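Enquirer: sequence first, then the predicted structure:
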Amino acid sequence: LFAQTNISVNTSNSSTVISKHIYGHFAEHLGHCIYGGFYVGDTSKTIPNTNGVRNDIIDALRKLKIPNLRWPGGCFADTYHWKDGVGPKNKRPEMVNKWWGGVTEDNSFGTHDFLNMCELLGAEPYLAGNVGSGTVQELADWVQYVNFDGKSPMSDWRRQNGREKPWNVKLWGVGNEAWGCGGNMRPEYYADVYRKYATFMSDWEGGGMMKIASGANSADYHWTETLMSQIPLQMLGGVALHHYSVIEWRHKGPATNFSEQQYFATMKSACFMDSLIIKHSAIMDKYDPKKKVALVVDEWGGWYDVEAGTNPGFLYQQNTMRDAMIAGVTLNIFNNHADRVRVANLAQAINVLQAVILTDKEKMILTPTYHVMEMYNVHQNAKLLPVTIKTNDYVLGDDKLQAVWASASKDSLGNTHISLVNIDAKKSQDITVNFDGAQFKSVSGRILTSAKLTDYNSFEQPDKLKPVAFNGATVKGSVLNVKLPPFSVVVLELK
Ligand code: AHR
């Protein structure tokens, strides 16, 4: 069963750079993302670690070229008081993690732990400030604590706590989901709150802070319209957007044993990211035609029922070929809108939602999503080559979705890459790609696919799904031919 797809790639118009920050991750104090995930504590005898952070995780994320990491939430961020998480660990107060399982948070992983971990990872930290239950002073103090080089109450305290130089954190979220867990605010009210908080978040060393407003829930265009019209552009670095690939919030369905109908419904929600970005960007264009303000998709990914027997507040789910499809499609969408989407964060890095890594005590596995992020990292900071796709549809019942999703870029070495995703569960694709004018001599690359859409990596079979060399592509001059199997992701390099 083969369907024909034609793609043309514009190789002469490469003015947009795909920001590496589109490939960002998210680590919340939620379930076993931080505790039992990243952080095992520096007393762990069985798990090799650096200052309490697992070495195997550091290695895997460095290999992924993780560009940034958002922390400490999510909903948790608007309950988090950073001053409780610095200084001697045995003196730190405890709190209740109200949103996520009601567990005790002992504050043993705090600001120093996170920012030092980002240095180990080679990732930019993205701090989400507490606007919902914090104060302007508290957030202003946090900025001074982590970013001020001179003498001040906060920077002196940082030095006392063992860190001489500031970390120069550039990415700052001004609250999270202000329309929901961040305070149930109306956008008109939040716009004013944002203006007030942002005023006191000083760019101490002139390091180029990017302040990011808590953005819309999926298709809430009024939210974006209000922020863009009510916040002066010079106060705004980015406007966020959250969209999860979920079938139905009340009936999310299982992460592994799903039907083709459920797969289709998930993919419909994932593909919807394209029209969301187009519409939110069109609103932003009205107020910011020069595209100074970034659209920051700082939460995205698949969301299913938790695995049987796990704490429902911990959002632990397995990760199948379906998740690889979500990642492949979404990252292609982000690449193609790189003129406006300049930061994004997959939810979440470890053991939570669409994780790239799952852990079980000393064991660690890489998910299919990890492999897609790793294959796609060739696009980081490369020049976008715009694509036009003429593809057939993936049809199920009386509904249909675009079957093939692609994006292309040229890196600083002059190599061209194209990432292709066929979401059709049954049909292969016979793809002709025309790189208008460019001449290539060779093509090589890797494919991620599996026998079944529901396949996943488990602790028993950690490498069931992993990318392998792809031999279904040939190139002659400017024309590339690819035979893409059903539900597969392929990334090719052309020289
Ligand atoms: O990622 C899980 C949660 O989803 C985040 O805490 C929140 O921002 C969103 O609703």
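Expert: Perfect, I can see it now.

Enquirer: tell me the spacing between N13 and I431.
Expert: Going from N13 to I431 by C-beta to C-beta, to the nearest Å gives 21 Å. All C-beta spots, glycine's among them, are computed from the backbone N, C-alpha and C.

Enquirer: what does L69 give?
Expert: L69 sits at a distance of 35 Å from I431 (criterion: C-beta to C-beta).

Enquirer: a helix runs through A324, doesn't it?
Expert: Yes. With DSSP: H, G, I helix; E, B strand; the rest coil as the criterion, A324 is assigned to a helix.

Enquirer: nearest residue to it other than its sequence neighbours?
Expert: Leaving aside its sequence neighbours, A324 sits nearest to P368 (C-beta to C-beta, 6 or more residues apart in numbering; 3.8 Å).

Enquirer: list the residues that contact that neighbour.
Expert: Counting by C-beta atoms under 8 Å, 6 or more residues apart in numbering, P368 touches N319, T320, M321, D323, A324, A327, L448, S450, Y456, N457, L465.

Enquirer: ok, how many other residues are close to the second one?
Expert: As a burial measure, the neighbour count of T320 was computed by other C-beta atoms under 10 Å and equals 29.

Enquirer: ok, now the fourth one?
Expert: Here the count is done by other C-beta under 10 Å, and D323 has 28 residues near it.

Enquirer: quick one: it and H371 touch, right?
Expert: No. If you go by C-beta atoms under 8 Å, D323 and H371 don't touch, sitting 10.2 Å apart.

Enquirer: interface residues of the stretch 251-400 of the chain facing the ligand?
Expert: The stretch 251-400 of the chain comes close to the ligand at residues E299, A347, Q348, L353, as judged by C-beta under 6 Å from any ligand atom.

Enquirer: want to throw those residues into TSV with pLDDT?
Expert: What follows is those, written out as TSV (pLDDT from 0 to 100):
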residue	pLDDT
E299	98
A347	98
Q348	97
L353	98
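
Enquirer: before we move on, back to that, quick one: which of N13 and I431 has more around it?
Expert: Per other C-beta under 10 Å, whichever of N13 and I431 has more neighbours is I431, with 25 against 12.

Enquirer: now that one, which residues is it bridged with?
Expert: Beta-bridge partners for I431, by DSSP bridges, are T5, V482.

Enquirer: now this protein against the ligand: closest residue?
Expert: G74 (2.6 Å; C-beta to the nearest ligand atom).

Enquirer: tell me the contacts of that residue?
Expert: With C-beta under 8 Å, 6+ apart, G74 has these contacts: F26, E28, H29, L30, W99, A128, N176, E299, A347, Q348.

Enquirer: roughly how far does it sit from W303?
Expert: 13 Å.

Enquirer: what's the following helix or strand after the top helix by length along the chain?
Expert: Longest helix in the chain, counting residues (DSSP state H): helix 260-287. Where DSSP states H and E defines the elements, the next helix or strand beyond helix 260-287 is strand 294-302.

Enquirer: name the strands paired with that next one and say parallel or antiparallel.
Expert: strand 238-245 (parallel), strand 341-346 (parallel).

Enquirer: tell me which of these is the most buried.
Expert: Highest mean neighbour count of those: strand 341-346, a mean of 26 (counted as mean count of other C-beta atoms under 10 Å).

Enquirer: how about the strands of the stretch 101-250 of the chain, start to end?
Expert: Using DSSP state E, counting those that start in this stretch, the strands of the stretch 101-250 of the chain run over residues 104-105, 124-129, 171-174, 210-217, 238-245.

Enquirer: make TSV out of those strands and add mean pLDDT and distance to W204.
Expert: Output for the strands of the stretch 101-250 of the chain, formatted as TSV (pLDDT from 0 to 100; distance: least, C-beta to C-beta, whole Å):
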stretch	mean pLDDT	distance to W204
strand 104-105	98	29
strand 124-129	98	14
strand 171-174	98	12
strand 210-217	98	14
strand 238-245	98	20
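
Enquirer: so which of those strands gets nearest R54?
Expert: strand 124-129 (18.0 Å; C-beta to C-beta).

Enquirer: and the closest one, C-alpha only, in CSV?
Expert: Below are the C-alpha coordinates for strand 124-129, written out as CSV (Å, rounded to 0.1, in the frame of the first residue of the first chain):
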residue,chain,number,x,y,z
GLU,A,124,20.4,27.2,29.6
PRO,A,125,18.3,27.4,32.7
TYR,A,126,14.7,28.6,32.3
LEU,A,127,13.3,29.7,35.7
ALA,A,128,9.6,30.0,36.2
GLY,A,129,8.8,32.6,38.9
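
Enquirer: helices or strands next to it in the packing?
Expert: Applying 3 or more C-beta pairs under 8 Å, 6 or more residues apart in numbering; DSSP states H and E, one finds that strand 124-129 contacts strand 68-71, helix 111-121, helix 136-147, strand 171-174.

Enquirer: make JSON lines out of these and add distance to the ligand.
Expert: Formatted as JSON lines, the helices and strands packed on strand 124-129 follow (distance: least, C-beta to the nearest ligand atom, whole Å):
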{"stretch": "strand 68-71", "distance to the ligand": "10"}
{"stretch": "helix 111-121", "distance to the ligand": "16"}
{"stretch": "helix 136-147", "distance to the ligand": "18"}
{"stretch": "strand 171-174", "distance to the ligand": "10"}
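
Enquirer: for D339, which non-adjacent residue is closest in space?
Expert: In this structure, D339 finds its nearest non-sequential neighbour in T16, 4.8 Å apart by C-beta to C-beta, 6+ apart.

Enquirer: which ones are touching that neighbour?
Expert: T16 sits in contact with A338, D339, K383, L384, where contact means C-beta under 8 Å, 6+ apart.

Enquirer: could you rerun that using 10 Å?
Expert: Contact analysis of T16 by C-beta atoms under 10 Å, 6 or more residues apart in numbering lists K291, N335, N336, H337, A338, D339, R340, K383, L384, L385, P386, S409.

Enquirer: same check, this time on I247
Expert: Per C-beta under 10 Å, 6+ apart, neighbours of I247: 253, 258, 261-266, 268-269, 302-304.

Enquirer: pLDDT at the residue nearest to it when sequence neighbours are not counted, what is it?
Expert: The shortest distance from I247 to any non-neighbouring residue, by C-beta to C-beta, 6+ apart, is to A265 (4.4 Å). You'll see A265 listed with a pLDDT of 98.

Enquirer: burial count for A265?
Expert: 19.

Enquirer: then G477?
Expert: 12.

Enquirer: and it, what pLDDT?
Expert: Note on G477: pLDDT of 96.

Enquirer: without its sequence neighbours, what residue ends up closest to it?
Expert: G477's closest residue in space is Q439 (C-beta to C-beta, 6+ apart), at 5.4 Å.

Enquirer: who are the contact partners of the one you found?
Expert: Q439 touches V475, K476, G477, S478, L494, counting by C-beta under 10 Å, 6+ apart.

Enquirer: helix/strand/coil for the second one?
Expert: So the one you mean is K476. Under three-state DSSP, K476 comes out as strand.

Enquirer: mind starting the numbering at 896 from now?
Expert: Renumbered: residue one is now 896, and that last one reads K1371.

Enquirer: you'd agree it is up against F1335?
Expert: Yes. At 8.3 Å, K1371 counts as touching F1335 under the criterion of C-beta atoms under 10 Å.

Enquirer: the two: which has the busier surroundings?
Expert: Ranked by neighbour count (other C-beta under 10 Å), K1371 and F1335 place F1335 first, with 16 against 11.
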